[in-house]
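> mind looking at a prediction? Sequence and model below.
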2 protein chains.
Amino acid sequence: MKMPHSENGFQCKPRIRIVKGKTIALGPGKVDLLEAVDRVGSISQAARLMKLSYRRAWDMIHMINQNFKTPLVARVAGGKGGGGAYLTEEGKSVVCLYRKMEQGALVTMQKEWDDLQKLLRDPDSEDSDSNETK
Amino acid sequence: MKMPHSENGFQCKPRIRIVKGKTIALGPGKVDLLEAVDRVGSISQAARLMKLSYRRAWDMIHMINQNFKTPLVARVAGGKGGGGAYLTEEGKSVVCLYRKMEQGALVTMQKEWDDLQKLLRDPDSEDSDSNETK
(Lines give C-alpha, C1' and ligand atoms only; values in the text may rest on other atoms or scores of the structure.)
Protein backbone atom coordinates (compact mmCIF):
# COMPACT_ATOMS: atom_id res chain seq x y z
CA MET A 1 0.00 0.00 0.00
CA LYS A 2 1.23 3.46 -0.73
CA MET A 3 2.08 5.45 2.37
CA PRO A 4 2.07 9.22 2.32
CA HIS A 5 5.61 10.50 2.22
CA SER A 6 6.59 13.89 3.50
CA GLU A 7 8.99 16.08 1.60
CA ASN A 8 11.62 15.50 4.25
CA GLY A 9 11.40 11.73 4.00
CA PHE A 10 9.14 11.01 6.97
CA GLN A 11 6.31 8.56 6.51
CA CYS A 12 3.10 8.20 8.46
CA LYS A 13 2.29 4.54 9.08
CA PRO A 14 -0.85 3.37 10.78
CA ARG A 15 -0.20 -0.12 12.11
CA ILE A 16 -3.60 -1.57 12.87
CA ARG A 17 -3.80 -4.38 15.37
CA ILE A 18 -6.71 -6.53 16.42
CA VAL A 19 -5.86 -7.54 19.95
CA LYS A 20 -7.31 -9.27 22.96
CA GLY A 21 -5.13 -9.04 26.04
CA LYS A 22 -1.70 -10.10 24.83
CA THR A 23 -3.02 -11.96 21.79
CA ILE A 24 -2.60 -10.18 18.47
CA ALA A 25 -5.23 -11.80 16.27
CA LEU A 26 -4.26 -9.66 13.31
CA GLY A 27 -1.61 -7.05 12.55
CA PRO A 28 0.50 -5.80 9.64
CA GLY A 29 2.83 -8.83 9.60
CA LYS A 30 0.02 -11.37 9.69
CA VAL A 31 -1.91 -9.61 6.93
CA ASP A 32 1.23 -9.48 4.76
CA LEU A 33 1.61 -13.22 5.33
CA LEU A 34 -2.02 -13.89 4.39
CA GLU A 35 -1.53 -11.93 1.18
CA ALA A 36 1.64 -13.87 0.43
CA VAL A 37 -0.20 -17.17 0.89
CA ASP A 38 -2.90 -15.89 -1.43
CA ARG A 39 -0.26 -15.00 -4.03
CA VAL A 40 1.89 -18.11 -3.94
CA GLY A 41 -0.57 -20.76 -2.76
CA SER A 42 1.73 -22.32 -0.20
CA ILE A 43 2.68 -21.61 3.42
CA SER A 44 6.33 -22.61 2.93
CA GLN A 45 6.78 -20.40 -0.13
CA ALA A 46 4.96 -17.54 1.58
CA ALA A 47 7.27 -17.96 4.59
CA ARG A 48 10.34 -17.76 2.35
CA LEU A 49 8.96 -14.63 0.69
CA MET A 50 8.41 -13.02 4.09
CA LYS A 51 11.80 -14.21 5.41
CA LEU A 52 10.12 -16.24 8.14
CA SER A 53 10.86 -19.79 9.17
CA TYR A 54 8.19 -22.26 8.06
CA ARG A 55 7.51 -22.95 11.72
CA ARG A 56 6.97 -19.26 12.49
CA ALA A 57 4.66 -18.79 9.48
CA TRP A 58 2.71 -21.87 10.43
CA ASP A 59 2.35 -20.67 14.03
CA MET A 60 1.12 -17.29 12.82
CA ILE A 61 -1.45 -18.84 10.54
CA HIS A 62 -2.53 -21.25 13.23
CA MET A 63 -3.06 -18.35 15.63
CA ILE A 64 -4.98 -16.38 12.99
CA ASN A 65 -7.23 -19.36 12.27
CA GLN A 66 -7.80 -19.91 15.99
CA ASN A 67 -9.13 -16.38 16.41
CA PHE A 68 -11.70 -16.49 13.64
CA LYS A 69 -14.94 -18.40 13.46
CA THR A 70 -13.91 -19.89 10.11
CA PRO A 71 -10.23 -20.54 9.23
CA LEU A 72 -8.79 -17.83 6.99
CA VAL A 73 -6.22 -20.20 5.51
CA ALA A 74 -7.09 -23.72 4.37
CA ARG A 75 -4.65 -26.36 3.23
CA VAL A 76 -4.87 -28.62 0.24
CA ALA A 77 -3.98 -32.10 1.49
CA GLY A 78 -1.35 -34.14 -0.36
CA GLY A 79 0.06 -33.06 -3.70
CA LYS A 80 3.74 -32.48 -4.31
CA GLY A 81 5.60 -30.67 -1.55
CA GLY A 82 2.97 -31.59 1.01
CA GLY A 83 0.09 -29.72 -0.59
CA GLY A 84 -0.66 -26.04 -0.92
CA ALA A 85 -2.62 -23.50 1.03
CA TYR A 86 -5.14 -20.88 0.04
CA LEU A 87 -7.21 -18.10 1.52
CA THR A 88 -10.81 -19.01 2.21
CA GLU A 89 -13.59 -16.57 1.34
CA GLU A 90 -13.42 -15.35 4.95
CA GLY A 91 -9.66 -14.96 4.59
CA LYS A 92 -10.09 -12.79 1.51
CA SER A 93 -12.77 -10.73 3.26
CA VAL A 94 -10.58 -10.16 6.31
CA VAL A 95 -7.57 -9.04 4.23
CA CYS A 96 -9.81 -6.74 2.23
CA LEU A 97 -11.40 -5.23 5.36
CA TYR A 98 -8.00 -4.75 6.97
CA ARG A 99 -6.57 -2.95 3.93
CA LYS A 100 -9.67 -0.80 3.72
CA MET A 101 -9.22 0.18 7.36
CA GLU A 102 -5.60 1.04 6.72
CA GLN A 103 -6.37 3.05 3.61
CA GLY A 104 -9.30 4.81 5.28
CA ALA A 105 -7.11 5.72 8.24
CA LEU A 106 -4.47 7.22 5.94
CA VAL A 107 -7.00 9.30 4.03
CA THR A 108 -8.62 10.55 7.24
CA MET A 109 -5.30 11.51 8.81
CA GLN A 110 -4.05 13.42 5.78
CA LYS A 111 -4.91 16.90 7.04
CA GLU A 112 -3.30 16.43 10.45
CA TRP A 113 -0.36 14.67 8.81
CA ASP A 114 0.15 17.67 6.52
CA ASP A 115 0.19 19.95 9.57
CA LEU A 116 2.51 17.65 11.49
CA GLN A 117 4.96 17.43 8.61
CA LYS A 118 5.50 21.17 8.73
CA LEU A 119 6.82 20.77 12.28
CA LEU A 120 9.20 17.92 11.41
CA ARG A 121 12.67 18.92 10.49
CA ASP A 122 14.78 17.93 7.56
CA PRO A 123 18.02 16.74 9.16
CA ASP A 124 19.88 17.19 5.87
CA SER A 125 19.04 20.86 5.44
CA GLU A 126 19.79 22.24 8.89
CA ASP A 127 22.64 22.14 11.35
CA SER A 128 21.86 19.14 13.49
CA ASP A 129 23.29 20.36 16.78
CA SER A 130 21.14 23.43 17.29
CA ASN A 131 18.11 21.49 18.42
CA GLU A 132 19.35 19.74 21.54
CA THR A 133 17.16 19.19 24.57
CA LYS A 134 18.04 22.18 26.70
CA MET B 1 -8.12 7.26 24.48
CA LYS B 2 -11.14 5.00 24.27
CA MET B 3 -10.68 2.12 21.87
CA PRO B 4 -13.64 0.36 20.32
CA HIS B 5 -14.22 -2.93 22.04
CA SER B 6 -15.92 -5.81 20.34
CA GLU B 7 -18.45 -7.91 22.19
CA ASN B 8 -16.01 -10.79 22.29
CA GLY B 9 -13.28 -8.74 23.88
CA PHE B 10 -11.22 -7.91 20.80
CA GLN B 11 -9.98 -4.36 20.38
CA CYS B 12 -8.94 -2.52 17.26
CA LYS B 13 -5.83 -0.43 17.87
CA PRO B 14 -4.33 1.85 15.27
CA ARG B 15 -0.71 2.44 16.26
CA ILE B 16 0.40 5.43 14.26
CA ARG B 17 4.09 5.87 13.65
CA ILE B 18 6.00 8.71 12.06
CA VAL B 19 9.08 7.04 10.66
CA LYS B 20 12.07 7.73 8.49
CA GLY B 21 14.10 4.65 7.70
CA LYS B 22 14.64 2.98 11.05
CA THR B 23 14.03 6.14 13.03
CA ILE B 24 10.66 6.38 14.75
CA ALA B 25 10.19 10.11 15.29
CA LEU B 26 6.85 9.57 16.97
CA GLY B 27 4.73 6.61 18.01
CA PRO B 28 2.26 5.62 20.72
CA GLY B 29 4.91 5.26 23.45
CA LYS B 30 6.56 8.59 22.73
CA VAL B 31 3.22 10.41 22.66
CA ASP B 32 2.22 8.82 25.97
CA LEU B 33 5.53 10.04 27.39
CA LEU B 34 4.97 13.58 26.08
CA GLU B 35 1.53 13.63 27.69
CA ALA B 36 3.01 12.39 30.95
CA VAL B 37 5.62 15.19 30.90
CA ASP B 38 2.81 17.66 30.27
CA ARG B 39 0.89 16.27 33.24
CA VAL B 40 3.66 16.02 35.82
CA GLY B 41 6.10 18.69 34.62
CA SER B 42 9.19 16.56 34.98
CA ILE B 43 11.01 13.98 32.86
CA SER B 44 11.99 11.82 35.84
CA GLN B 45 8.45 11.70 37.24
CA ALA B 46 7.02 11.05 33.78
CA ALA B 47 9.53 8.20 33.38
CA ARG B 48 8.42 6.66 36.67
CA LEU B 49 4.79 6.95 35.62
CA MET B 50 5.56 5.19 32.33
CA LYS B 51 7.73 2.56 34.02
CA LEU B 52 10.76 3.68 32.02
CA SER B 53 14.25 4.35 33.29
CA TYR B 54 15.13 8.03 33.43
CA ARG B 55 17.81 7.36 30.85
CA ARG B 56 15.35 5.74 28.46
CA ALA B 57 12.81 8.55 28.85
CA TRP B 58 15.52 11.13 28.31
CA ASP B 59 16.75 9.33 25.17
CA MET B 60 13.22 9.20 23.80
CA ILE B 61 12.66 12.90 24.41
CA HIS B 62 16.04 13.74 22.96
CA MET B 63 15.19 11.77 19.82
CA ILE B 64 11.78 13.45 19.55
CA ASN B 65 13.34 16.90 19.91
CA GLN B 66 15.96 16.05 17.30
CA ASN B 67 13.31 15.24 14.74
CA PHE B 68 11.32 18.44 15.03
CA LYS B 69 12.26 21.94 13.97
CA THR B 70 11.50 23.25 17.47
CA PRO B 71 11.97 21.07 20.58
CA LEU B 72 8.68 19.60 21.82
CA VAL B 73 9.96 19.35 25.40
CA ALA B 74 11.88 22.15 27.08
CA ARG B 75 13.55 21.98 30.46
CA VAL B 76 13.44 24.47 33.27
CA ALA B 77 17.03 24.90 34.43
CA GLY B 78 17.83 24.59 38.13
CA GLY B 79 15.16 24.40 40.79
CA LYS B 80 14.84 21.52 43.22
CA GLY B 81 15.40 18.04 41.79
CA GLY B 82 17.30 19.46 38.83
CA GLY B 83 14.47 21.48 37.35
CA GLY B 84 11.33 20.49 35.55
CA ALA B 85 10.27 20.00 31.98
CA TYR B 86 7.29 21.13 30.00
CA LEU B 87 5.74 20.80 26.56
CA THR B 88 6.37 23.72 24.27
CA GLU B 89 3.56 25.09 22.13
CA GLU B 90 4.86 22.89 19.31
CA GLY B 91 4.85 19.93 21.69
CA LYS B 92 1.22 20.53 22.57
CA SER B 93 0.32 20.90 18.89
CA VAL B 94 2.06 17.66 17.96
CA VAL B 95 0.35 15.67 20.72
CA CYS B 96 -2.99 17.17 19.72
CA LEU B 97 -2.46 16.37 16.02
CA TYR B 98 -1.37 12.82 16.83
CA ARG B 99 -4.43 12.13 19.01
CA LYS B 100 -6.67 13.62 16.33
CA MET B 101 -5.12 11.29 13.75
CA GLU B 102 -5.67 8.33 16.05
CA GLN B 103 -9.25 9.29 16.83
CA GLY B 104 -10.00 10.04 13.18
CA ALA B 105 -8.59 6.67 12.17
CA LEU B 106 -10.79 4.88 14.70
CA VAL B 107 -13.93 6.66 13.54
CA THR B 108 -13.14 5.98 9.88
CA MET B 109 -12.46 2.30 10.47
CA GLN B 110 -15.62 1.69 12.46
CA LYS B 111 -17.67 0.19 9.63
CA GLU B 112 -14.98 -2.27 8.56
CA TRP B 113 -14.21 -3.04 12.18
CA ASP B 114 -17.87 -3.88 12.79
CA ASP B 115 -17.78 -6.27 9.82
CA LEU B 116 -14.48 -7.79 10.92
CA GLN B 117 -15.74 -8.37 14.44
CA LYS B 118 -18.50 -10.60 13.14
CA LEU B 119 -15.82 -12.92 11.74
CA LEU B 120 -13.82 -13.07 14.97
CA ARG B 121 -14.68 -15.84 17.33
CA ASP B 122 -15.43 -15.75 20.98
CA PRO B 123 -13.10 -18.39 22.42
CA ASP B 124 -15.21 -18.68 25.57
CA SER B 125 -18.43 -19.56 23.82
CA GLU B 126 -17.28 -22.25 21.39
CA ASP B 127 -15.28 -25.43 21.51
CA SER B 128 -11.75 -24.32 20.81
CA ASP B 129 -10.51 -27.42 18.98
CA SER B 130 -12.88 -27.35 16.03
CA ASN B 131 -11.04 -24.59 14.22
CA GLU B 132 -7.60 -26.05 13.68
CA THR B 133 -5.61 -25.38 10.53
CA LYS B 134 -6.50 -28.43 8.49
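In hand now; what should we look at?

> only C-alpha atoms for contact and neighbour calcs from this point on.
Will do.

> contacting residues around residue A:76?
Taking CA atoms under 8 Å, 6 or more residues apart in numbering or on different chains as the definition of contact, the neighbours of residue A:76 are A:83, A:84, A:85, A:86.

> could you identify the buried members of those residues?
If you count burial by 16 or more other CA atoms under 10 Å in any protein chain shown, the buried members of the contacts of residue A:76 come out as A:84, A:85, A:86.

> doesn't residue A:69 make contact with residue A:90?
No - between residue A:90 and residue A:69 no contact is recorded; they are 9.2 Å apart, counting by CA atoms under 8 Å.

> overlap in contacts of these two?
With contacts taken as CA under 8 Å, 6+ apart, residue A:90 and residue A:69 have residue B:119 as neighbours in common.

> name the SS class of residue A:36, please.
Look at residue A:36: counting by DSSP: H, G, I helix; E, B strand; the rest coil, its state is helix.

> now it: how far from chain B?
As judged by CA to the nearest CA, to the nearest Å, residue A:36 and chain B stand 17 Å apart.

> residue A:18 now?
Summarising the geometry, the distance separating residue A:18 from chain B, computed by CA to the nearest CA, is 5 Å.

> what's the helix or strand for that residue?
Taking DSSP states H and E as the criterion, residue A:18 maps to strand A:11-20.

> show me what counts as buried in that strand.
Buried, per 16+ other CA under 10 Å, within strand A:11-20: A:11, A:12, A:13, A:14, A:16, A:17, A:18, A:19, A:20.

> list the beta-bridge partners for the first one.
Residues found in beta-bridge contact with residue A:11 (criterion: DSSP bridges) are residue A:5, residue B:19.

> and the angle for the strand holding residue A:18 with strand B:11-20?
Strand A:11-20 and strand B:11-20 are oriented at 160 degrees to each other (axes from the mean of the first three to the mean of the last three CA atoms, to 10 degrees).

> looks to me like residue A:39 is in a helix.
Yes - read with three-state DSSP, residue A:39 is one of the residues of a helix.

> where along chain A do the helices fall?
Taking DSSP state H as the criterion, chain A contains helices spanning A:28-40, A:43-49, A:54-66, A:89-119.

> could the buried residues of strand A:11-20 go into a markdown table alongside pLDDT?
Putting the buried residues of strand A:11-20 into a markdown table (pLDDT from 0 to 100) gives the following:
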| residue | pLDDT |
| --- | --- |
| A:11 | 93 |
| A:12 | 93 |
| A:13 | 91 |
| A:14 | 92 |
| A:16 | 95 |
| A:17 | 95 |
| A:18 | 95 |
| A:19 | 94 |
| A:20 | 92 |
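
> can the residues you listed go into a markdown table with extra columns for distance to residue B:49?
A markdown table is the format used below for the buried residues of strand A:11-20 (distance: CA to CA, whole Å):
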| residue | distance to residue B:49 |
| --- | --- |
| A:11 | 29 |
| A:12 | 27 |
| A:13 | 27 |
| A:14 | 26 |
| A:16 | 26 |
| A:17 | 25 |
| A:18 | 26 |
| A:19 | 24 |
| A:20 | 24 |
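
> what sits against residue A:98?
With CA under 8 Å, 6+ apart as the criterion, the residues that contact residue A:98 are A:31, B:112.

> got a list of what the nearest residue to residue A:48 once chain neighbours are set aside touches?
Leaving aside its sequence neighbours, residue A:48 sits nearest to residue A:54 (CA to CA, 6 or more residues apart in numbering or on different chains; 7.6 Å). Applying CA under 8 Å, 6+ apart to residue A:54 gives the contacts A:43, A:44, A:47, A:48.
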